[in-house]
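Participant: Pasting the sequence and the predicted coordinates here, then a few questions.
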Amino acid sequence: MPQKTSRRLLFTLLGWFVACSLFFPIFWMFLTSFKTEVAAVATPPQLFFRPTLENYVAIQDRANYFNYALNSVAVSLGSTILALLLAVPAAYAMAFFPTKRTKSTLLWMLSTRMLPPVGVLVPIYILCRNARLLDTRIGLIIIYTLINLPIVVWMIYSFFKDVPKDILEADRMDGANTRQELIHVLLPLALPGIASTALLSIILSWNEAFWSLNLTTANAAPLTAFIASFSSPQGLFWAKLSAASTLAIAPILIFGWLSQRQLVRGLTFGAVK
Amino acid sequence: MSSSLAVEHHNETPPTQKRNKRQVATLPLVAPSVIALLLWMIVPLVMTVWFSFQRYNLLNPGARKFIGIENFTFILSDPALWNSIGITIILVVSVLAITIGLGTLLAILFDQDFYGQGIARVLAISPFFVMPTVSALVWKNMLMHPVNGLFAQFTRSLGLGAIDWFADFPLLAIIIIVSWEWLPFALLILLTAIQSLDHDQLEAARMDGANALALFRFVMLPHLSRAIAVVAMIETIFFLTIFAEIFVTTGGGPGVATTNLAYYIFLRALLEFDVGGASAGGLIAVILANIAAIFLMRSVARNLDT
């Protein structure tokens, strides 16, 4: 028994050391956001200081944070809902009624995700310009939907594959039609999986920083672009940068923490049998 | 698994006719996704091919004309292109090795029972939720900065000099940043994979006198192989096009030390406005990505049958 306790203490020490090391950059950024610009670059680095909110106020003066945040929310949610609407029926069909082509279709879908975005940057830019979708939320929503669609189909497919076949067979014997089967039997069973898929899609859209930087300027720019506006090399406003960064990651970080258990389960069901 | 398959076969044989009818009805369900992705893939790709055979500079659009394979011969003879391909490969392989290797070890660690494990796990996976521009700026300005960065202040306080990460080890700095972002992802998936392992099986193997190394090699690793394949697949997709981290920290420099293929094409397209050259480079990137994809797809396809 004492051996077991010391073992537990050792793992506690190790586990917390790893966790704190990984989290440290975020913690330090959070701390810096409450310092004055002078304190932020002080030598030696200050762990204890008089906190100030001046950076958060300064950011509000410089740029309308809530407009960027609203763009991020609209684009992430919009693209996720659209991707789910497309993916759920497709994944259902492929998981339960596979044909000879199902496997290659799935793999082909995943391969579209491997198309390097820079390879099609110029055509997409020109297409968006011609369709008047540059710097619009709709434009970003369409692109994020298409980017995330393969992963969303793939994940939901794997969740559907995990649904015990016996339940569906029994239901079919009772004479349920396809729509009843989908809505009353399958969706409740696969809902945790669909939720974690949606979560992953939201996180990926929220953090996407290639198309958002290249296709938006002011109107539809999400938080990734907001941060980029602080990254100009002239002037080292570290405290303000920290405050801006904290605001940009706070919603998704809290979101991620709250639904962490579901996310873990979701990602793993997709990966592990 | 084999028993459930047997049951399925037994049940499925009788209502053949009904099944077939359903199978036809499900085709329209797949079509929207397939058509959307087909358009997304083919339209820009055809345009890229079209542009790649033209002299087309956005600064001088009037001089646009068909020039055959000139863009390709020019780009393929550019040493910077081959350098960027090498850097892309180094980035992908090293970050994959770090995140999967460390991720497996950390997953085993977090599988152990310890005090405050839940909170520790939340802290450990947090970097995955941070957007790449923020991660890169925090590491660049607050940790790796040669004057005010914490690393420099720490090494100087020990009497050692400070490392100017982005001047002396730029590629290593990028590798560290990207690894920090993606280690939590590998940890997250592998941890849950380990937790789904039948612990009775582990116990039985331990009873039979297997040591920790043998347990890892013959019980844990085979169980994890599928999860590792999926982690590698998803990560490779993202690592082939690492962009924001380079954009924010080094801008591809110093020189071309951190210019990967994605950044090389970006420089051609948006700094030189060379649509033709950028498109030719884009096609090369697509071909390379496809080579990587084929290898990956094969390993994934093997797992898809179950």
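Facilitator: Cool, got the structure.
Participant: What is the neighbour count of B:Gly68?
Facilitator: 10 (other C-beta atoms under 10 Å in any protein chain shown). For every residue, glycine as well, the C-beta is placed using N, CA and C.
Participant: ok, for it, nearest residue in space, not its chain neighbours?
Facilitator: Counting by C-beta to C-beta, 6 or more residues apart in numbering or on different chains, B:Phe53 is the residue found nearest to B:Gly68 once chain neighbours are left out, at 6.1 Å.
Participant: Just give me the neighbour total for residue 145.
Facilitator: By default, I'm working from chain A. For A:Thr145, using other C-beta under 10 Å, the count is 25.
Participant: wait, I meant chain B there
Facilitator: 21.
Participant: Ok, the one 3 residues further on next?
Facilitator: The local packing count at B:Asn148 equals 17, with neighbours defined by other C-beta under 10 Å.
Participant: Which strand or helix spans it?
Facilitator: B:Asn148 is part of no helix or strand when elements are defined by DSSP states H and E.
Participant: for the residue nearest to it when sequence neighbours are not counted, phi and psi?
Facilitator: Nearest residue to B:Asn148 in three dimensions, chain neighbours excluded: A:Val41, at 4.5 Å (C-beta to C-beta, 6+ apart). The phi/psi pair for A:Val41 (degrees, to the nearest 10) reads phi -110, psi 20.
Participant: repeat for the one 10 residues further on
Facilitator: Comment: the main-chain dihedrals of A:Pro51 come out as phi -70, psi 150, following degrees, to the nearest 10.
Participant: which residues does it contact?
Facilitator: Residues counted as contacts of A:Pro51 (C-beta atoms under 8 Å, 6 or more residues apart in numbering or on different chains) are A:34-35.
Participant: how near is it to chain B?
Facilitator: 17 Å (C-beta to the nearest C-beta, to the nearest Å).
Participant: can you check A:Leu146 too?
Facilitator: For A:Leu146, the distance to chain B - C-beta to the nearest C-beta - is 4 Å.
Participant: Now B:Arg226: which helix or strand?
Facilitator: Using DSSP H and E, B:Arg226 falls in helix B:221-239.
Participant: So which other helices or strands are in contact with that helix?
Facilitator: helix A:260-271, helix B:79-111, helix B:170-195, helix B:275-304 (3 or more C-beta pairs under 8 Å, 6 or more residues apart in numbering or on different chains; DSSP states H and E).
Participant: what's the angle between that helix and helix B:170-195?
Facilitator: Calculated by axes from the mean of the first three to the mean of the last three C-alpha atoms, to 10 degrees, helix B:221-239 forms an angle of 140 degrees with helix B:170-195.
Participant: Convert stretch A:76-91 to PDB, retaining C-alpha atoms only.
Facilitator: Taking C-alpha atoms only, stretch A:76-91 is exported to PDB below (Å, rounded to 0.1, in the frame of the first residue of the first chain):
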ATOM      1  CA  SER A  76     -17.600  29.300 -37.200                       C
ATOM      2  CA  LEU A  77     -21.300  28.500 -36.400                       C
ATOM      3  CA  GLY A  78     -22.500  29.100 -40.000                       C
ATOM      4  CA  SER A  79     -19.900  26.800 -41.600                       C
ATOM      5  CA  THR A  80     -20.300  24.100 -39.000                       C
ATOM      6  CA  ILE A  81     -24.100  24.000 -39.400                       C
ATOM      7  CA  LEU A  82     -23.800  23.900 -43.200                       C
ATOM      8  CA  ALA A  83     -21.100  21.200 -43.100                       C
ATOM      9  CA  LEU A  84     -23.300  19.100 -40.700                       C
ATOM     10  CA  LEU A  85     -26.300  19.400 -43.000                       C
ATOM     11  CA  LEU A  86     -24.300  18.100 -45.900                       C
ATOM     12  CA  ALA A  87     -22.300  15.500 -44.000                       C
ATOM     13  CA  VAL A  88     -24.900  13.700 -41.800                       C
ATOM     14  CA  PRO A  89     -26.900  12.300 -44.700                       C
ATOM     15  CA  ALA A  90     -23.800  11.400 -46.600                       C
ATOM     16  CA  ALA A  91     -22.200   9.700 -43.700                       C
END
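Participant: Can you pull out the residues in contact with that stretch?
Facilitator: The set of residues that contact stretch A:76-91 without belonging to it, under C-beta under 8 Å, 6+ apart, is A:137, A:140-145, A:148-149, A:152-153, A:156-157, A:159-160, A:194, A:197-198, A:201-202, A:205-206, B:29-30, B:32-34, B:36.
Participant: So among the residues you listed, which ones count as buried?
Facilitator: A:137, A:140-145, A:148-149, A:152-153, A:156-157, A:159-160, A:194, A:197-198, A:201-202, A:205-206, B:29-30, B:33-34, B:36 (16 or more other C-beta atoms under 10 Å in any protein chain shown).
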